[in-house]
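Enquirer: what shape does this take:
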Amino acid sequence: MIIDMHAHFEPRMLPAAAALTKMDAAGVDKVVLIPAMNEPIPETPEALLAFIRQLLRHRATRPLAERIHRATMTPHGDVKIRGRTIPIYPLPNNDRVAEVMAAHPGRFLGWIFLNPRADPDVLGTFERFAAMPGFVGVKLHPHWHDYHTALLDPILRACEARRMPALIHLGFGRRGDFRAMATRYPKLPIIAAHAGFPFFGDLWHYRRAHPNLYVDLSSPYLDEALARAAVAAMGPERCLYGTDAPYGFPDAHHTYDYGEIRGWIERLPVGTREREGIFGARFEELLDARRGL
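Expert: Numbering: from 1, shown residues only. This next block holds a predicted model:
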């Protein structure tokens, strides 16, 4: 079973039918979808991505990466890329993911996207979607939604009670206090998106202290070398296969290439059982914990 546990439902870039065709061709059994949080983003040059990766690998240069990030944000919280302003949605539409799950049962699952800064009834939103079949956990994005992770306490408490994992795109500084979250909610699987972006090695260092901390291997925020480093540091049992589709890794037709990150996993120097765990078996175990309620 291969499960892409980190992808986005963005039909303007990859409609559900096209996604299913690509999934079938790549042997991907299921995808866990996140509702779109922004207008479609143009392709980012690989040279710029490589530069940002290099900055984030070292604590001394991470502040420069943060300054670059801040320079790309408007006062209203949107993103400026290549002279364009890309609107960021304060409240991503979870109903869109519910609709595609209902239309294609068995192929798509969903993350409930929450923003405690913008939703005055965020726990009500959580409970409404958590009751729907197919939603398996919560997606949080303090990096672009720009809030301190201390605001997440009520949400994380609710996730822990329901045994629903939390997938978090961490931000710089207090927008990414993974240690506090992992400590306060030790029974909650906390999945740091994109191998722990923007901390990478600093997050991997706390693997033993926080056994509830996982990373996914998604996105052009990473390259194959960085994904390998994450697996070596965290251990394959704490790494999960994701793609961030449809962003990054365009194919010859300028749509998403499902083979890129899958190739990274297939080439890892790990055993068959460990590779199967990364591809989906470990994520299924995390979901089985909820089914046991």
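Enquirer: where along the chain do the helices fall?
Expert: Taking DSSP state H as the criterion, the chain contains helices spanning 16-26, 46-56, 62-71, 94-103, 122-130, 142-145, 153-162, 178-184, 193-196, 201-204, 224-234, 259-266, 272-276, 282-291.
Enquirer: which non-adjacent residue is nearest Thr61?
Expert: Once flanking residues are discounted, Thr61 sits nearest to Leu55: 4.4 Å by CB to CB, 6 or more residues apart in numbering. The C-beta positions use only the backbone N, C-alpha and C, and glycine is treated the same way.
Enquirer: now Ala233. Nearest residue, chain neighbours left out?
Expert: In this structure, Ala233 finds its nearest non-sequential neighbour in Trp204, 3.7 Å apart by CB to CB, 6+ apart.
Enquirer: show me the contacts for the one you found.
Expert: By CB atoms under 8 Å, 6 or more residues apart in numbering, Trp204 lies in contact with Gly196, Val215, Ala230, Ala233, Met234.
Enquirer: pull up the gap between it and Ala65, please.
Expert: To Ala65, Trp204 is 17 Å away according to CB to CB, to the nearest Å.
Enquirer: next one: Leu151
Expert: Distance, Leu151 to Ala65, using CB to CB: 23 Å.
Enquirer: repeat for Arg184
Expert: Distance from Arg184 to Ala65, by CB to CB: 27 Å.
Enquirer: the more surrounded of these two?
Expert: Using other CB atoms under 10 Å, the more surrounded residue of Arg184 and Ala65 is Ala65, with 20 against 15.
Enquirer: wait, isn't the more buried one in contact with Ile52?
Expert: Yes. Counting by CB atoms under 8 Å, Ala65 touches Ile52, with 5.7 Å between them.
Enquirer: what is the neighbour count of Pro220?
Expert: Pro220: 20 surrounding residues under other CB under 10 Å.
Enquirer: identify the residues contacting it.
Expert: Going by CB under 8 Å, 6+ apart, the list of residues near Pro220 reads Thr44, Glu46, Leu49, Asp244, Tyr247, Gly248, Phe249.
Enquirer: of those, which pair is most distant in space?
Expert: Glu46 and Asp244 (14.9 Å; CB to CB).
Enquirer: those two: which has the busier surroundings?
Expert: Shown here are Glu46 and Asp244; by other CB under 10 Å, Asp244 has more neighbours (24 against 11).
Enquirer: that one and Met5 touch, don't they?
Expert: No. Using CB under 8 Å, Asp244 is not in contact with Met5, being 10.8 Å away.
Enquirer: center of the chain, which residue is that?
Expert: Centre of the chain computed as the mean C-alpha position; nearest residue by CA atoms, centre = their mean is Ala193, 3.9 Å away.
Enquirer: any idea how far it lies from Ala18?
Expert: Applying CB to CB, the value for Ala193 to Ala18 is 24 Å.
Enquirer: now swap in Arg57 and tell me
Expert: Arg57 is 35 Å from Ala18, by CB to CB.
Enquirer: any low-confidence regions in the protein?
Expert: For the chain, the stretches flagged by pLDDT under 70 are 289-293.
Enquirer: now the contacts of Trp204 in JSON lines, with neighbour count and distance to Leu156?
Expert: Formatted as JSON lines, these follow (neighbours: other CB atoms under 10 Å; distance: CB to CB, whole Å):
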{"residue": "Gly196", "neighbour count": "28", "distance to Leu156": "17"}
{"residue": "Val215", "neighbour count": "27", "distance to Leu156": "17"}
{"residue": "Ala230", "neighbour count": "25", "distance to Leu156": "23"}
{"residue": "Ala233", "neighbour count": "18", "distance to Leu156": "24"}
{"residue": "Met234", "neighbour count": "21", "distance to Leu156": "21"}
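Enquirer: let's have the residues you listed in TSV, adding distance to Arg107.
Expert: Below are those laid out as TSV (distance: CB to CB, whole Å):
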residue	distance to Arg107
Gly196	28
Val215	25
Ala230	27
Ala233	32
Met234	28
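Enquirer: tell me the one of the residues you listed nearest Leu222?
Expert: Distances from Leu222 to the contacts of Trp204, taken by CB to CB, are shortest for Ala230, at 7.6 Å.
Enquirer: who's in contact with the closest one?
Expert: Ala230 touches Ala195, Gly196, Phe200, Trp204, Val215, Leu217, Leu222, Cys239, counting by CB under 8 Å, 6+ apart.
Enquirer: recalculate using a threshold of 6 Å.
Expert: Ala195, Val215 (CB atoms under 6 Å, 6 or more residues apart in numbering).
Enquirer: ok, Met234 next?
Expert: Trp204, Arg207, Val215.
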